[in-house]
Each structure stands twice: as structure tokens, then as C-alpha cells.
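*Asks:* Sequence and computational prediction follow.
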Amino acid sequence: MDSLAVVESRMAEALALPMDRSDGSGECGCGTAGGVMYVVASELEVHGHSAAAMSLNERALAWYRARNPGIPASQRLSMIATILKALERWDEVVPVVDSIVAIDGAKASSNPVAQSSLTARNGLVAAHLGDRRRAELALDSLTRSADALGSATAKWGSAIVLFGAAQVEAALGRRDEAVSRLRVALPAIGNRTFWRAMHRSPDFRALRGYPPFEALTGRGRSRSKSSEEQIAYALPRRERRTTVGDVCRQSGVSES
């Protein structure tokens, strides 16, 4: 990247863009200025700019904590938890996850995939807080859920559950097991942009630089667009009259 100052100046422009309310969902929240800050911070971290990434994540966290109108509470809390994970502030993640469960728990109880997502998040937090027993219990639950959803009609749901299990395996330091689960899950999920974006996820920090994981994300091969080019494009000039969501979709950073 030529200059972090250029990123900073473009970020100021991104903050002034209107929120795309039709594209505010998803783990990266790319329909919002806060979501763009998180994605760019993640790319900065991957490319060795840890201090700049931390600063930008703090700004993204403040943006989401400001209770911006138009963002559902569960989505706002999910992004707060995601950013806190990136900042490795695991003690602070716990009450946020509890709040998400309080909001979505009843709905998730009738949806095994949604329930497994909450289980994976709890297992991930437990692993990072050193509670291996709780993490292993979460992993067992996820494995059973994936098996139960493993019929042809529920293959996508099973893949999402396995992806959550891979996150917990990675947090426990079991790289081979995590990659093995990803190899089963990713083809069923089927979104190549999602595959490529995994390299910047804080949930897979332990796998970065591990050749089998890098091969899955495509970073072991030459790429048509460098991450630096993605970041430059994802920080648009205002005269384009585009929303943050438009920018994310066009630059290929719409998923995390």
C-alpha cells in the first residue's frame, strides 16, 4: 500500500456516504460506513499494519456503539461482537453475545442453523478465554447438528454449521481439523468471494500462513486484483454518488 494517509483520507469520505439500508446484513455489515471501516481494518492487519488496523477497528466500534438509526439491534450487536473479536477483547465479547441471545434466542430455538451459529460463537469465545471444556462441548454440539442436517435437503445448513465448527477448531489451535471441516463446508456454501475473504477473518488468525488454509482462500495462487487495489477502490470519491453497499459489492469485499 502506497500510503496509509491515503487510506485515512478516503475513510473520511466513506464515513460521509449514505448507508445502503438494503444491504446492511451480513457478518461484515458492508451496507454501512462502520462495516467498510471493519473490512479495511481487517485487510490492513493482514498486510502488516497492525497499529493502523487497531485504530480503525476502534473507530468502527465507536460507530456501531453510537446506535445509528436504521440498523436492527441484533445486527448492530453482531458487528460489535465481531469487532471486539478482531481487537481480541474477549471478556467484552461475552455480554454482547448474551445480549444477542436475549434478542434472537427464541427465534433461534426453532432454527437449528441459527442455534448452531450462537453455539459456535460461544465456543469460539470459550476457546479464547481458555475454557477448553466449554469449547469442546460446543464443538460436540456443532458436530451433532451438522450430522442431523446432513441430508441432501439440508446440505447448505450442515455446511454453515461445519464452518462454525472450523472456527472453534482454529481457536483451539487444531489447524488440520479446522481445514478438514472447511474442505467439506466450503463447496456446499459455494460462494467464492466468501472463500477468498476468509483470510481476513479474526476467527481464522491461527490459520494464516498455514499452506492448506492459504490454498483454500486462494492466497496460494496469483490473484487478479491485489488486496491493496481492493482497499483503494473500497474508499470511493463522493462524486460517484454511490452508497457504501454499492462500493462493497463492486469491489468484491461485500462478504466476510
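*Replies:* Happy to help now that I have it. Residues are numbered from 1 along each chain as shown.

*Asks:* Sticking with Arg144, tell me its helix or strand.
*Replies:* Per DSSP states H and E: Arg144 is located in helix 132-148.

*Asks:* which parts of that helix are buried?
*Replies:* Within helix 132-148, the residues that count as buried by 16 or more other Cβ atoms under 10 Å are 135, 138-139, 141-142, 145-146. (Each C-beta comes from the backbone N, C-alpha and C, glycine too.)

*Asks:* Which elements pack onto it?
*Replies:* Judged by 3 or more Cβ pairs under 8 Å, 6 or more residues apart in numbering; DSSP states H and E, helix 132-148 is in contact with helix 112-128, helix 155-171.

*Asks:* List the contacts of it.
*Replies:* Applying Cβ atoms under 8 Å, 6 or more residues apart in numbering, the external contacts of helix 132-148 come out as 112, 115-116, 119-120, 122-124, 126-127, 158, 161-162, 164-165, 168-169, 171-172.

*Asks:* about what we covered before: okay if I get the helices and strands packed on helix 132-148 as CSV plus mean neighbour count?
*Replies:* Listed next are the helices and strands packed on helix 132-148 as CSV, based on neighbours: other Cβ atoms under 10 Å:
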stretch, mean neighbour count
helix 112-128, 22
helix 155-171, 24
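
*Asks:* so which of those gets nearest Ser201?
*Replies:* Counting by Cβ to Cβ, Ser201 lies closest to helix 155-171 out of those; the figure is 8.2 Å.

*Asks:* The closest one: what's the following helix or strand?
*Replies:* From helix 155-171 onward toward the C-terminus, using DSSP H and E, the following helix or strand is helix 175-189.

*Asks:* For that next one, the averaged confidence score.
*Replies:* Mean pLDDT, helix 175-189: 92.

*Asks:* Render the CA-only coordinates of it in PDB, please.
*Replies:* Presented in PDB, the C-alpha positions along helix 175-189 are these (Å, rounded to 0.1, in the frame of the first residue of the first chain):
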ATOM      1  CA  ARG A 175      -5.300 -26.400  12.300                       C
ATOM      2  CA  ASP A 176      -5.600 -29.800  10.500                       C
ATOM      3  CA  GLU A 177      -9.100 -30.400  11.900                       C
ATOM      4  CA  ALA A 178     -10.200 -26.800  11.100                       C
ATOM      5  CA  VAL A 179      -9.100 -27.100   7.500                       C
ATOM      6  CA  SER A 180     -10.600 -30.500   7.200                       C
ATOM      7  CA  ARG A 181     -14.000 -29.100   8.200                       C
ATOM      8  CA  LEU A 182     -13.600 -26.200   5.800                       C
ATOM      9  CA  ARG A 183     -12.900 -28.500   2.900                       C
ATOM     10  CA  VAL A 184     -16.300 -30.200   3.500                       C
ATOM     11  CA  ALA A 185     -18.200 -27.000   4.200                       C
ATOM     12  CA  LEU A 186     -17.000 -24.500   1.600                       C
ATOM     13  CA  PRO A 187     -18.100 -26.400  -1.600                       C
ATOM     14  CA  ALA A 188     -21.600 -26.600  -0.200                       C
ATOM     15  CA  ILE A 189     -21.600 -22.900   0.800                       C
END
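
*Asks:* hmm, back to that, now tabulate the helices and strands packed on helix 132-148 in CSV and tack on distance to Asp98 and mean pLDDT.
*Replies:* CSV is the format used below for the helices and strands packed on helix 132-148 (distance: least, Cβ to Cβ, whole Å; pLDDT from 0 to 100):
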stretch, distance to Asp98, mean pLDDT
helix 112-128, 9, 90
helix 155-171, 18, 92
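
*Asks:* could I get those helices as TSV with distance to Gln75?
*Replies:* Compiled in TSV, these are given as follows (distance: least, Cβ to Cβ, whole Å):
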stretch	distance to Gln75
helix 112-128	13
helix 155-171	17
